[in-house]
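In: Just need the structure, nothing else, for what follows:
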Amino acid sequence: MLSPVNISMESLNLITLAPMLIPVVGALLIIIMDLFKSEQDKSLYVMISLLILGIDFMALLESAGVFAKDGTVMGVFDVMMIDGLAILSQFIIVVASMLFIPLALSKSRFSEYAYAEFFALFLFMIAGFQFMVSTDNLILVFVGLETASLALYTLIAMHNRDKSFEAAVKYFTMGALAAGFYSFGAMVFYALTGSVEINQIASVLSDNNYADIGFVLVGVVFMLASFGFKLSMVPFHTWTPDVYEGSSSALAGYMSIVPKIAAFVVAMRLFEFLIHSGVVWLEVVLYALVVITMTMANIWALVQQDVKRMLAYSSISHAGFVMAAILIGTTQANSALFFYWILFSVTNLGSFSMLWISRQKKLPSGQQSDHSFDKFSGLAKTSPLAASIMALFMLSLAGLPPFALFWGKMYMISAAVTGGYTVLALIMALNSAIAGYYYLKLIVYMFMKDPIIVHNADISAVNATNAIKTIVGVAVIGTIFAFLTVNSLLEFVTSFVYNSGY
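Out: Residues are numbered from 1 along each chain as shown. Okay, the predicted model is just below:
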C-alpha cells in the first residue's frame with residue numbers, strides 16, 4: 001500500500017500562479033454580478049476590468065521583486081515559472097490591456113460592449129496569454145494558447161457585423177489548424193525526449209547530438225507552422241487582413257500587440273536552443289521566413305486602399321522584423337525584441353484608436369469601407385488636430401527620428417550587425433524605407449488632398465470621449481517623448497533578459 005505524499009503549500013510556491021488567477025477571478029466576478037443584476041451600464045464593467053488589471057499589475061511587481069532577489073523561480077510542481085521573459089511579457093500584456101479597455105467607452109453604442117460576457121471573456125483571454133509566457137511546459141502553453149484563442153474568436157464575432165462573423169470563422173479555422181500543428185509538434189518532441197518541458201527537451205536532444213535529426217525536423221516544421229499562424233508570418237498570414245478588417249478597430253489594434261508578444265516568448269524559448277546547437281537548416285528556414293515576411297507584407301501594404309488593411313499588413317511586416325531577434329539569438333537581440341515591441345505597442349495602439357474614434361455604426365450609401373484612404377482626404381482642413389496625431393503615429397511606424405519606433409528599429413538593426421547578420425540588417429533597413437511610402441501615403445491624403453466625403457465634416461469626433469482622448473493622449477506622449485526614456489527602458493529590459501539566461 002502506497003503511503004500518502006504530503007505536499008506543503010510552501011513547496012507549491014503559489015506566487016507563481018497569482019498573476020493568472022487574478023483575471024480569472026475577475027472574470028467570474030463579472031459573470032456572477034451579471035447573473036444577479038443584468039443590464040448594468042458598460043462603464044461599470046470597464047471600471048471593474050481596470051481594477052482587476054491594476055491588481056494583476058501589482059502582483060507582477062511582487063513577482064518581479066521575487067525574481068530580482070532569487071532569480072528564476074519554479075512553482076506548482078515546477079510547471080509555472082517566474083523568469084525575466086515571463087515578467088516582461090506579462091507587463092506588456094497587462095499594460096496594453098489597461099489601455100485597451102477604456103476604448104469601450106465610445107459615444108456610439110456598439111453591441112459587444114453591452115454584454116458583461118465581453119469583459120469576462122477579455123479577462124479570460126489575458127489569463128490565457130499569461131499562462132503561455134509563464135511556463136516552459138508545452139502542455140500548459142497549449143492550454144493557455146487555446147484559452148486565449150477561444151475567447152478571442154468570440155470577442156471578434158461579438159462586433160455583430162457580417163464581416164465580423166466571417167472574420168471569426170476564418171480565425172477559428174486557421175487557429176484550429178495551428179493548434180493541430182502545435183499538438184503534433186509537441187507529440188514528436190515528447191516521443192523523442194520523454195518530456196514536455198522545453199529545457200529538458202533541449203538537454204536530451206543535445207546529449208543525443210541530434211541522432212534523430214529527421215524526427216527533430218518534423219517536430220520543428222510543425223512548430224514553425226503553428227507559430228507562423230499565430231505571428232502572421234508569410235505564408236501563414238492569409239487570415240490577418242480579413243480578420244483585422246472584420247474586427248472592431250480597437251480589438252484589431254489589441255490583436256496586433258498582445259497575442260504576438262505571447263507567441264514571441266514561446267518561440268524564443270523553443271527555437272533558440274535549436275539554432276545555437278548547430279541545426280543549420282532551422283537557421284536558414286527562419287532567415288527566409290523573416291526576410292519574406294518583412295518584404296512581401298510591405299509590398300502588399302503598398303497597394304491597399306483601406307487604412308485598416310494597410311495597418312494589418314504593416315503589423316505583419318513588424319512581426320517579421322521582430323522575429324529576426326529570435327534568429328539572431330543574442331542577449332542584445334532578445335532585449336531588442338521587448339524594447340521594440342513596447343515602443344510598437346504604444347504607437348500601433350494609438351493608430352488603431354484613431355480609427356476607432358472615427359468608426360461609424362452605419363456606412364453611408366456609396367461608401368464601401370469605413371476606413372478607406374478617401375475618407376481621410378483633406379482631414380487636415382476639417383480636423384487639423386486629428387490629422388496631426390494620425391500623421392505622428394504614421395511617422396513613428398515608418399521609423400523616422402526622433403519618434404518612438406525609430407529607436408526600436410535602430411537597436412534591432414544594431415543587434416543584427418553585432419550578431420554577424422550584416423546582410424539581414426541591410427534588408428531590414430531597406431524594408432523600413434519601403435514601409436515609409438505607404439505610411440506617407442496616408443499623410444498625403446490628409447494634408448495634400450481636398451475632402452471627398454462631405455457627409456461627415458468632422459470624422460474625428462464620431463466616438464471621441466474623454467476616456468478615449470486620454471488613451472490617445474498617452475500614446476501621443478509616449479510616441480513623441482520616447483527618446484527621453486530610451487536608456488532607462490533598455491537597461492530595464494536587458495536586466496530581465498540577461499538574468500534569465502537569454
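
In: Can you show me the helices along the stretch 251-400 of the chain?
Out: Ranges of helices in the stretch 251-400 of the chain, per DSSP state H, counting those that start in this stretch, are 258-275, 280-302, 307-328, 331-357, 379-382, 384-398.

In: who does the longest one touch, helix- and strand-wise?
Out: Helix 331-357 sits against helix 84-100, helix 249-255, helix 258-275, helix 307-328, helix 384-398, helix 404-418, helix 466-480, helix 486-499, with contacts defined as 3 or more CB pairs under 8 Å, 6 or more residues apart in numbering; DSSP states H and E. In short, each C-beta sits where N, CA and C put it, glycine included.

In: buried set for the second one?
Out: This means helix 249-255. For helix 249-255, the neighbour count (16 or more other CB atoms under 10 Å) marks 249-255 as buried.

In: next one: stretch 40-59
Out: For stretch 40-59, by 16+ other CB under 10 Å, it's 42, 45-46, 48-49, 52-53, 55-57, 59.

In: In helices, which of these appear?
Out: Counted as lying in helices by DSSP state H, out of the buried residues of stretch 40-59, are 42, 45-46, 48-49, 52-53, 55-57, 59.

In: where's the dip in pLDDT among those?
Out: Ranked by pLDDT, these bottom out at residue 42, which scores 72.

In: these two touch, right, that one and residue 103?
Out: No. Judged on CB atoms under 8 Å, residue 42 makes no contact with residue 103 at a distance of 11.5 Å.

In: still on that earlier bit, turn the ones in helices among the buried residues of stretch 40-59 into TSV, columns for distance to residue 145.
Out: Below are these laid out as TSV (distance: CB to CB, whole Å):
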residue	distance to residue 145
42	29
45	26
46	27
48	26
49	22
52	22
53	21
55	24
56	19
57	23
59	22
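
In: Report the two of the residues you listed separated the most.
Out: 42 and 59 (25.8 Å; CB to CB).

In: re earlier: who wins for proximity to residue 145 among the helices and strands packed on helix 331-357?
Out: Using CB to CB, the helices and strands packed on helix 331-357 put helix 258-275 closest to residue 145, at 7.9 Å.

In: Can you show me the CA trace of stretch 176-191 as PDB?
Out: Written as PDB, here are the backbone C-alpha positions of stretch 176-191 (Å, rounded to 0.1, in the frame of the first residue of the first chain):
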ATOM      1  CA  ALA A 176      -7.700  25.200 -35.200                       C
ATOM      2  CA  LEU A 177      -5.200  24.200 -37.900                       C
ATOM      3  CA  ALA A 178      -2.400  25.900 -36.000                       C
ATOM      4  CA  ALA A 179      -3.500  24.100 -32.800                       C
ATOM      5  CA  GLY A 180      -3.300  20.800 -34.600                       C
ATOM      6  CA  PHE A 181       0.200  21.600 -35.900                       C
ATOM      7  CA  TYR A 182       1.300  22.600 -32.400                       C
ATOM      8  CA  SER A 183      -0.100  19.400 -30.900                       C
ATOM      9  CA  PHE A 184       1.600  17.200 -33.400                       C
ATOM     10  CA  GLY A 185       4.900  19.000 -33.000                       C
ATOM     11  CA  ALA A 186       4.700  18.700 -29.200                       C
ATOM     12  CA  MET A 187       3.900  15.000 -29.600                       C
ATOM     13  CA  VAL A 188       7.000  14.400 -31.700                       C
ATOM     14  CA  PHE A 189       9.300  16.100 -29.200                       C
ATOM     15  CA  TYR A 190       7.700  14.100 -26.400                       C
ATOM     16  CA  ALA A 191       8.300  10.900 -28.300                       C
END
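
In: Can you give me the buried ones in it?
Out: 178-179, 181-186, 188-190.

In: still on that earlier bit, of the helices and strands packed on helix 331-357, give the one that comes closest to residue 235.
Out: Judging the helices and strands packed on helix 331-357 by CB to CB, what sits closest to residue 235 is helix 307-328, at 11.1 Å.

In: Quick one: distance of that closest one to the chain centre.
Out: Computed by CA atoms, centre = their mean, to the nearest Å, the chain-centroid distance of helix 307-328 equals 11 Å.

In: what about residue 255, distance to residue 412?
Out: For residue 255, the distance to residue 412 (CB to CB, to the nearest Å) stands at 22 Å.

In: remind me which residues of the stretch 101-250 of the chain are low pLDDT?
Out: Along the stretch 101-250 of the chain, the parts satisfying pLDDT under 70 run over 106-112, 160-162, 208-212.

In: for it, what spans make up the helices?
Out: Using DSSP H, counting those that start in this stretch, helices in the stretch 101-250 of the chain cover 116-133, 138-157, 162-193, 198-207, 213-230, 239-246, 249-255.

In: Redo those helices as CSV? Include distance to residue 447.
Out: Output for the helices of the stretch 101-250 of the chain, formatted as CSV (distance: least, CB to CB, whole Å):
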stretch, distance to residue 447
helix 116-133, 36
helix 138-157, 33
helix 162-193, 30
helix 198-207, 50
helix 213-230, 37
helix 239-246, 25
helix 249-255, 22
